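> Show me the folded form of this:
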Amino acid sequence: MNSAFFLVLRRMRAPIIVLIVIYAISVIGLTLVPGVDAEGKVTAPMSFFHAFYFISYTATTIGFGEIPVAFSDAQRLWVIACIYLTVVGWSYSVITLIALLQDKGFQNTLTTNRFVRRVRQLKAPFYIVCGCGETGNLIARTFDRLDQAFVVIEKDELRVEEIDLLDFNTDTPALAADASLPDNLLLAGLKHPKCRGVLAVTNDEQSNLAIAIAVRLLNPDIPVIARARTAAVSANMASFGTDHIINPFERFADHLALAVSAPERFHLIELLTSLPESPIPEPHRPPRGHWILCGYGSFGHAVAHHLRDTGITLTVIDPAAKDADKQFIGDGTEAATLRQAGIEEASGIVAGSDNDVNNLSIAVTASEINPELFVVARQNHAANSALFAAYDADFTVLPSRIVAQECIAILTAPLLARFLERLHKLEETRCQHLVERLHAECGGRTPAVWDIRLNAAEAPAAWQTLMHNGGMRLGDILPDGADRSRRQPAVPLLVERNPDCYLLPDDDFLLQAGDQLLMASTLPAQRDLELTLKNANELEYVLTGHENSGSLLARLLAPKQSAIAHPGDAR
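Got it, this is the predicted structure:
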């Protein structure tokens, strides 16, 4: 606010000085020019007070007339000069003020001050989202659905303006600034006591690296999630202790290889890591055999590395591929090049260039030659979703969605990573049964995956019950808080009890104080279960069926109601 105030003073300095000089000359002149009385006799000039009073209402175009007495001709002549002087002075001041209000620097100063004030007033825990492109937009929308507060820093001013047009439930603070500059991170609340983490998801991995380093040095106690594209930047981030590094190309390549070797396990992972309450993805079952890879950049290298481990043989088509085993020069959009690479006998093709139009052209041309081909299409920009949906490839990869999904999974359910680490112990049939159960419980939408620890801070009601009343089964907390005859649409995935983890516990699993639960449910069920574990009255109803509002009147009426319900006990 001080910077805006001093900027106004600096820009308005000349107009203010001009007005002061004009007012001073006008007032002094009226105190020197003699007046006349009703009889036409010369009288003393106006006093300083009356002169200043007259100039004040004359210069502001109010105009009360000649007071306290009629003016002499000399005074009227001087007033004419004063009127034109003040009109010029005020015009100059108003024009300068309008120019100041339209000045980009002044507007940015006001916007920054307003942003800082809103961040300072945040009372709920929040995350800083650096970059609001396709990835940041997905994260912001998901945070909004989860009622999670967040702050946005985006370099592109147009994207920041678009945030105000989105139908968010809350008024999200957003600043058009370079997030790689430490000062901007501090303005966004990096050292705010309620800041819970930073997401560096800009399209520039060097900026993400700078953000990760700044967070590590300025506030090392909070986690930072950073997006990277190359191995060198990923290693640099890791050397600074970045908590989570997401390379969308490596993630997708790993997922594609898993879909080849264990399709049901991959489908389960895809279901649990998708954005909550989105359409359930179709199961992917890529065939083994010979594949063609079009595009051998960072994405192509990652895919080739992981697919070769599954036993798939690859032929690479790229304009400049030099380190591939089987390579053809071209971009894959020509049928002749695809035929030379063996498209007729191939089992699958990956259209993995950095150009969406070329990828669609590759996919369409390859499908016309070999209709049985399994097609993997790389979509670089979300704006082209309509085109890729119209083509309907067997497997479409959108890097921004991969990053957003993993960010949300890490932040909303830190325990999910441990569950996924132990998922390799499950057979394909058990994975399939778990997927079917999640489908049924969540009504055909992807579940919200979340965790909660049974302690005094996160689940005080459950913690008190476990500490004072002993054991409580996992199935005891799952009835609906509105009607305990119904069960919440929720699936327990994991119970962590240091140092042990119990995978897919059943309803008879005995809970203990301090346990951390990993659940998959609908968003309404998540809110209801969290309320049950936090509110003693809600938990009592779920466990026993007794309704207790907790008010003084309810406690006074409880013995009478018990006596009415059981009259024999009173005798």
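> got the buried residues for the helix or strand encompassing Glu436?
Element membership of Glu436, judged by DSSP states H and E, is helix 428-441. Under the neighbour-count criterion of 16 or more other CB atoms under 10 Å, helix 428-441 has 430-432, 434-435, 438, 441 buried. (C-beta placed from N, C-alpha, C; glycine too.)
> In PDB, list the C-alpha atoms belonging to that helix.
Provided in PDB are the C-alpha atoms of helix 428-441 (Å, rounded to 0.1, in the frame of the first residue of the first chain):
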ATOM      1  CA  GLU A 428      -4.600 -59.800 -11.400                       C
ATOM      2  CA  THR A 429      -7.900 -61.300 -10.300                       C
ATOM      3  CA  ARG A 430      -7.900 -59.500  -6.900                       C
ATOM      4  CA  CYS A 431      -7.200 -56.200  -8.800                       C
ATOM      5  CA  GLN A 432     -10.100 -56.900 -11.100                       C
ATOM      6  CA  HIS A 433     -12.400 -57.600  -8.200                       C
ATOM      7  CA  LEU A 434     -11.300 -54.400  -6.400                       C
ATOM      8  CA  VAL A 435     -12.000 -52.400  -9.600                       C
ATOM      9  CA  GLU A 436     -15.400 -53.800  -9.900                       C
ATOM     10  CA  ARG A 437     -16.100 -53.000  -6.200                       C
ATOM     11  CA  LEU A 438     -15.000 -49.400  -6.700                       C
ATOM     12  CA  HIS A 439     -17.200 -49.100  -9.800                       C
ATOM     13  CA  ALA A 440     -20.200 -50.300  -7.800                       C
ATOM     14  CA  GLU A 441     -19.600 -48.100  -4.800                       C
END
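> Quick check: which helices or strands does the next helix or strand after that helix pack against?
The C-terminal neighbour of helix 428-441 among helices and strands, as given by DSSP H and E, is strand 448-453. Packing partners of strand 448-453 (3 or more CB pairs under 8 Å, 6 or more residues apart in numbering; DSSP states H and E): helix 399-412, strand 516-521, helix 523-534.
> packing partners for the longest one?
Taking 3+ CB pairs under 8 Å, 6+ apart as the contact definition, the neighbouring helices and strands of helix 399-412 are helix 134-145, strand 224-227, strand 244-246, helix 248-261, helix 263-273, helix 416-421, strand 448-453.
> Can you name the residues in contact with that helix?
Helix 399-412 has contacts (CB atoms under 8 Å, 6 or more residues apart in numbering) with 127, 133-135, 138-139, 142-143, 146, 148, 197, 199, 201, 225, 227, 244, 246, 248-249, 251-252, 272-276, 378, 380, 382, 416-417, 448-450.
> And the residues you listed, which of them are buried?
Burial by neighbour count, 16+ other CB under 10 Å: within the contacts of helix 399-412 this picks out 127, 133-135, 138-139, 142-143, 146, 148, 197, 199, 201, 225, 227, 244, 246, 248-249, 251-252, 272-276, 378, 380, 382, 416, 448-450.
> Below-threshold pLDDT in the chain: ranges please.
Counting by pLDDT under 70, the ranges of the chain that qualify are 1-3, 321-326, 548-571.
> Have a look at it and report its longest helix.
For the chain, the helix with the greatest residue count under DSSP state H is helix 73-102.
> Now do the same contact list for Ala448.
Counting by CB under 8 Å, 6+ apart, Ala448 makes contact with 146, 276-277, 412, 520-523, 526.
> List just the nearest of those to Leu218.
Checking the contacts of Ala448 against Leu218 with CB to CB, the nearest one is Thr412 at 24.9 Å.
> Return the distance of the closest one relative to Ile225.
Using CB to CB, to the nearest Å, Thr412 is found at 12 Å from Ile225.
> residues contacting Phe54?
Contacts of Phe54 (CB under 8 Å, 6+ apart): 30, 46, 67, 79.
> Would you agree the second one is in contact with Val36?
Translated: Met46. No: using CB atoms under 8 Å, Met46 is not in contact with Val36, being 11.9 Å away.
> Who has more neighbours out of the two?
Met46 (24 against 16; other CB atoms under 10 Å).
> angle of the strand ranked longest in the chain against strand 516-521?
Determined from DSSP state E, the single longest strand within the chain is strand 490-497. Angle between the axes of strand 490-497 and strand 516-521 is 170 degrees (criterion: axes from the mean of the first three to the mean of the last three CA atoms, to 10 degrees).
> so what does the very next helix or strand once past strand 490-497 touch, helix or strand wise?
The first helix or strand that comes after strand 490-497 along the chain, using DSSP H and E, is strand 500-503. Using 3+ CB pairs under 8 Å, 6+ apart, the elements in contact with strand 500-503 are strand 490-497.
> which outside residues touch the strand it packs on?
Outside strand 490-497, the residues that touch it by CB under 8 Å, 6+ apart are 272, 415-416, 418-419, 422, 434, 437-438, 441, 447, 449, 474, 478, 501-505, 509, 511-512, 514-522, 525-526, 529.
> again with stretch 63-72
33-38, 42-43, 50, 54, 57, 76, 79.
> ditto for stretch 131-142
Contacts for stretch 131-142 (CB under 8 Å, 6+ apart): 129-130, 150, 152-156, 159-160, 163, 166, 168, 172, 174, 179, 199-203, 207-208, 227, 275-276, 381-382, 398-401, 403-404, 407-408.
> From these, keep the buried residues only.
Buried, going by 16+ other CB under 10 Å: 129-130, 150, 152-155, 159-160, 163, 172, 174, 179, 199-203, 207-208, 227, 275-276, 382, 398-401, 403-404, 407-408, out of the contacts of stretch 131-142.
> Buried by neighbour count: which residues of stretch 52-61 qualify?
For stretch 52-61, the neighbour count (16+ other CB under 10 Å) marks 52-55, 58-59 as buried.
> Check the offset of it from the chain's centre.
Centroid displacement of stretch 52-61 relative to its chain, using CA atoms, centre = their mean, to the nearest Å, is 55 Å.
> Stretch 485-498 too?
Between the centre of stretch 485-498 and the centre of its chain there are 27 Å (CA atoms, centre = their mean).
> again with stretch 533-543
In terms of CA atoms, centre = their mean, the centre of stretch 533-543 is found 32 Å from the chain centre.
> Could you do stretch 143-163 as well?
For stretch 143-163, the gap between its own C-alpha mean and the chain's C-alpha mean amounts to 6 Å (CA atoms, centre = their mean).
> For Asp354, find the nearest of the helices and strands packed on helix 399-412.
Closest approach to Asp354 among the helices and strands packed on helix 399-412 (CB to CB): helix 248-261, 10.8 Å.
> Which elements pack onto that closest one?
Partner elements for helix 248-261 (3+ CB pairs under 8 Å, 6+ apart): helix 263-273, helix 298-308, strand 395-397, helix 399-412.
> For the shortest one, name the packing helices and strands.
Packed against strand 395-397, as judged by 3+ CB pairs under 8 Å, 6+ apart, are the following elements: helix 248-261, strand 374-378.
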